[in-house]
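Chemist: coordinates only, sequence not included:
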């Protein structure tokens, strides 16, 4: 493994980008460490568990390097697909999963209310 | 019945007793002072709460509250007496009528009653005569009673009887029931009691009957004893003087004692002591006249147990107190000498300390009776101070490191204990008795022991023995720490008293010993000088005070100037020697130099006396000791900072130099003649050689010194005396006995500390089993050998022409070789021993000489290297230059490349796999590795020259390098990330800045060399498990340093070598063992797993660290963690099976039987987290275990469940079952 240590590449711009990458993986497309600003374990864990399901991924891990800093690092190492594509796919999938959850939830609530009458409050 | 609480009773006992006590409605007995003495407040508290626990029933509480005085306090409220109060009868005369006896009374009355009683009787018969009008109304109650009067009561009674007779039986019973229900139970009880105790008066309390109970029992006890039990018939006894009332109970004491029941050897029994403190043999037949029999628990056995003696020491009889305390003193003295080491189940002194002996003795020291104070001072002396320690430390005086004193403070509590939830308690928050357990001396200071001693010495002026004891106590307190030394030095009036009383300028000549004198006031005392020396050794500020404020140098110089042997001072020799060393202590702080100058004429005389007259043939040891002290004084003077050299008497020193060297030569020549030499002779030879060397080193920089002639002088000594000496028979026998007289290599040498209580450490000069530590035994040559080797170390460089002769004589000597060999093989078990320091220097110098030899064969080189490896972690912080020296020589340098390369070749012949280019690189880069370690341990700056404020050192060896020093840089990189992973050596871990990469790399290189070439050395340092944990630190470090190629390559090789060694030497990993420096392996493992799933980059080596504990032979809990709690990791443990460094069988066999784990396997497989494509190993092992269980598992029902689970899964899974 080549040296992957380094600092965020795009931090120079005045407005901090939502997602940046760490240097060190310039020689290939498949391995990347993404730095999400203003994100934490919520997104990290969800993305990781989705990416873990992709067969073409060798490694995926995330960490919040410092609890006081709102930054989350997500590492993706894939076989042939480029890491950014995997991230894109994972984000789309995650959003679909969320949509699905929401949809199912609302449906079920409506069903429940119908069955038990409007008066019943949930929770 | 209730008893006073006893020592052995538990809280439960006390609560039970309390319950009984309340049942008997007895008044609460004041808590005895016994409990207070035990200092056990908990017991008292428990008892108080105990009442709460028992009387949780609210009714009971209410009832008991209604009876004040029973529970709450001593005060018993009584209802006012029901008896009428009679005021004096008014008379006409103004005085009461004179009482006149009625003569009639005495006649015709057969009853024996006093006249007064008869009068009274008659009066009460006429009682009615008092008219109601005469009564004074004092209140409603009295009024009613008066109204009713005895006759009225009679009337009422008759009336009730009448009424009763009219009622039918049924009516009576009904009425009774009604009454019983309406009445207070308390009142009812009173009535029934009254009925039982017929004749009890109205005014009598309900308490009375129960109070009478013990008396009744006593009556039972007093019943006549069968006559044959008594030593003489009662009639006979009655004839004796003052025996008209025979007390059988006491008469029984005169009986012959039964013979003690013989105990089988090996049976435990309480230790009994006689008044001298000797242990009484359990089956001993001791005549009663020895006064050792008593009415204790086993009256037939002679002697007193500790418990009984402690009871004595609190007795109210003064003589008993004195005997108790002085017997304890004798026991303590013998215990410190190690007399009871192997006889008692538990060490006696810790037991006594935890029983609160100090408090007892401290109270006794406050006693008004001189006899008790005397005994208490003696006992405190033996408790706190250790006589053998003092003797041994005095013996060390005059040797190279003899002047430095140990600090005998309590070791701070280990870090780990503090972490276990117990926040470290501030000393101020501790109660007195708690502090006394933790640190006796600190506790003693809190009891104002020092001011009390001041009072005793200044005002009470006790006898010589007590005075000496008190000074000894002060010496031990001063040894504890700088603070305690200051507490003594700054105690108002104490030092003034001691110096004016015991270090006077004029004294009367006497030949008696101080202990035999009537008074030691106005007599110089050696012990007082020692006290000042110990305080000075602790603190430079106090030394300044002694010199400037107390003018201590005046008496000291007066003593030194007197003719040795004719001082007329009792204990004169001791005071001369002590004075010399006190002066040397001052010189160590660059103080007292001017006095040395003014003393120089006398000094010159004394010196020339010894140079001409004293030799090794001189009888006794005083002259040798005196000469040693004089020579070491010179060496201390030469040792002062160069700034002060112009204050020294240069002329004298230049003048005495050559004679000293020449005499040294003659002494050495004498020593070579194989004379029987005692300890002092050896010391003298050693001191003379050191001084000669030092004179040469210092004088060569002075003006007016003929350096060339000095050079030839030293050369001459070397050539004509030293070299012949080291080839002589004497030296041979010395080196041969070095092993035998070595404290460093004796695993028993620190065992003496076993008998110390935790709060009162000693140097442990007497080993467990009553043997003086080896190096100080008579005939031990180690101190002389050390000086000789240091001298040779210096001459080898100065005069290369003698090199060969020295090597031949020294390094080829059998004794030296076996000594080094022993260090190489066994390490230095006794390094923690105060008296071993000389030997560490000796060995380091020896190794240093060995480096300079060119023709050492490879076996010897190897031996030296091993010895250096073992020695390096034994070196004190103060001797850090030795570490640099060893790093530069035997450990990293000095042809070590060749040594290692040759070893590598040897290994390569056996096993081709070992060949690794990395190893070769590492060996070639040894100097770089050394530099990295020098930086890591801050050794590259040399010894910092700071003005010393103390010359005392901690008694415990705080070695600079921890045992696992090669791993230290690794642990350091995690140190600031993780707090709990502290290294043993706190200072080096905390002070250093975060380690950089090269440091880690170099230390890995070094570990690699050791792991491949010297696994035995590593095994001695740390177990394989601990090594694995230390290596795992690299993965936990910040910045993912394990991704650096050179580090990961090296680490991989190391792990491979470690796994190989571990299987070769049969030492398996044990993840349950206590790993030094780590709380437990589990925490580390969880951390590693989390780190892996977050930041591992899927590293294959990292995966190994996760996988190693997953092997089937290790605990199932690791597997449960991976497959259960932190299951997300299994997706990324994508290590290909062919790259696995451990045989795969370890994961497959033996078969898994844990049902819960198999269920986890199945669940994870079905969820699709584990697939052959991304986690081949885990897939293989989990499917293997499940399939095997389906085939041959014990629980068939579960196996069927597994099968169903597998077949209902994906195609891939169901295809497994076929």
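Modeler: Yes, it's here. Computed from a predicted model, the values in this text were never measured in an experiment.
Chemist: How about the contacts made by the residue of chain A found nearest chain B?
Modeler: Here chain A gets closest to chain B at one residue, residue A:59, 3.2 Å apart by CB to the nearest CB. Using the backbone N, CA and C atoms, a C-beta is placed for each residue, glycine as well. Contacts for residue A:59 (CB atoms under 8 Å, 6 or more residues apart in numbering or on different chains) come out as A:75, A:76, A:77, B:1096, B:1097, B:1098, B:1132, B:1134.
Chemist: Then residue B:796?
Modeler: B:802, B:803, B:806, B:849, B:852.
Chemist: List just the nearest of the residues you listed to chain A.
Modeler: Of those, the one sitting nearest to chain A (CB to the nearest CB) turns out to be residue B:852, at 45.4 Å.
Chemist: how near is the closest residue to the closest one other than its chain neighbours to residue B:188?
Modeler: Nearest non-adjacent residue to residue B:852, counting by CB to CB, 6 or more residues apart in numbering or on different chains: residue B:796, 5.6 Å away. According to CB to CB, to the nearest Å, residue B:796 and residue B:188 sit 106 Å apart.
Chemist: same deal with residue B:1130?
Modeler: 79 Å.
Chemist: Comparing the two, which shows the higher neighbour count?
Modeler: Just comparing residue B:1130 and residue B:188: by other CB atoms under 10 Å in any protein chain shown the higher neighbour count belongs to residue B:1130, 26 against 12.
Chemist: isn't there a helix covering that one?
Modeler: Yes. Counting by DSSP: H, G, I helix; E, B strand; the rest coil, residue B:1130 is found in a helix.
Chemist: So which residues on chain B come close to chain A?
Modeler: Contact residues, chain B versus chain A (CB under 8 Å from any CB of the partner chain): B:1039-1040, B:1043-1045, B:1048, B:1092-1099, B:1128, B:1131-1132, B:1134, B:1168-1169, B:1171, B:1173-1174.
Chemist: pLDDT at the residue nearest to residue B:852, what is it?
Modeler: Confidence at residue B:796, expressed as pLDDT, is 84.
Chemist: before we move on, back to that, return the set of residues that bridge with the residue of chain A closest to chain B.
Modeler: residue A:77 (DSSP bridges).
Chemist: For residue B:471, see how far away the residue of chain B found nearest chain A is.
Modeler: Chain B approaches chain A most closely through residue B:1098 (3.2 Å), counting by CB to the nearest CB. Relative to residue B:471, residue B:1098 is positioned 73 Å away (CB to CB).
Chemist: ok now stretch B:1141-1158, how far from the chain's centre?
Modeler: 47 Å (CA atoms, centre = their mean, to the nearest Å).
Chemist: measure it end to end?
Modeler: The first and final residues of stretch B:1141-1158 sit 25 Å from each other (CA to CA, to the nearest Å).
Chemist: same question for that stretch, mean pLDDT?
Modeler: 83.
Chemist: Just the strands from chain A, written as ranges.
Modeler: Counting by DSSP state E, chain A has these strands, from start to end: A:19-21, A:31-37, A:57-63, A:71-78.
Chemist: Is it possible to get CSV of the ones you listed that adds distance to residue B:169 and mean pLDDT?
Modeler: Output for the strands of chain A, formatted as CSV (distance: least, CB to CB, whole Å; pLDDT from 0 to 100):
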stretch, distance to residue B:169, mean pLDDT
strand A:19-21, 106, 85
strand A:31-37, 100, 89
strand A:57-63, 96, 87
strand A:71-78, 97, 89
